[in-house]
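Undergrad: Sequence below, structure please.
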Amino acid sequence: MSREVGHMRIGELSELTDTPRRSLRYYEERGLILPARGQNGYRDYDEATVDRVLQIRGLLDAGLPTRIIEQILPCLDKPRSIHFPDATPEMIATLRGEIDRMDRRIRCLEQNRRAVAEYLEEVLVHESRAAPAV
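TA: Purely as a prediction, here's the structure:
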């Protein structure tokens with residue numbers, strides 16, 4: 001059975017994004033992704049959902065809770081249609097705190113990346129010196 005071009009089932013989306021099916025169903029429950037339903041009742045995802053899932057995973061990996069991701073996702077869409085139904089002072093403070101936390105993580109990751117790159121460079125220099133001449 002061939003699938004329609006540009007559409008996939010949950011298993012394929014799971015493989016393409018390295019995301020468990022259970023997580024994809026959770027994203028759907030939260031309204032983060034919106035699959036169509038085939039006549040057989042199966043979830044049917046379009047190609048854009050791959051990018052959306054990768055964006056969600058990136059935000060989750062950055063430590064953002066899904067309740068914040070729900071607010072941020074419209075900012076990733078073009079054209080944008082951002083709504084602020086509950087932009088309370090607490091929400092604004094939370095978002096500012098998340099940005100500060102992400103900035104700290106970015107600085108730490110950059111520092112770790114530099115250290116790993118320097119180590120790799122030293123390893124390669126040592127390897128080239130230790131390699132027997134042919």
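
Undergrad: At which residues are the strands of the protein located?
TA: Applying DSSP state E to the chain gives strands spanning 7-8, 36-37, 43-46.

Undergrad: what residues does the longest one touch?
TA: Spelled out, that is strand 43-46. With C-beta atoms under 8 Å, 6 or more residues apart in numbering as the test, strand 43-46 has contacts from 4, 6-10, 12-13, 28, 33, 35-38. C-beta coordinates here come from the backbone N, C-alpha and C atoms, glycine included.

Undergrad: Show me which helix runs longest in the protein.
TA: helix 89-130 (DSSP state H).

Undergrad: just to revisit the earlier point, hey, which of the strands of the chain is tucked in deepest?
TA: Most buried of the strands of the chain, by mean neighbour count (mean count of other C-beta atoms under 10 Å): strand 43-46, with a mean of 20.

Undergrad: can you put the strands of the chain in a markdown table and add distance to Arg114?
TA: Output for the strands of the chain, formatted as a markdown table (distance: least, C-beta to C-beta, whole Å):
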| stretch | distance to Arg114 |
| --- | --- |
| strand 7-8 | 39 |
| strand 36-37 | 45 |
| strand 43-46 | 38 |
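
Undergrad: got CSV for those strands, with mean pLDDT and distance to Glu118 too?
TA: Listed next are these as CSV, based on pLDDT from 0 to 100; distance: least, C-beta to C-beta, whole Å:
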stretch, mean pLDDT, distance to Glu118
strand 7-8, 85, 42
strand 36-37, 85, 49
strand 43-46, 88, 42
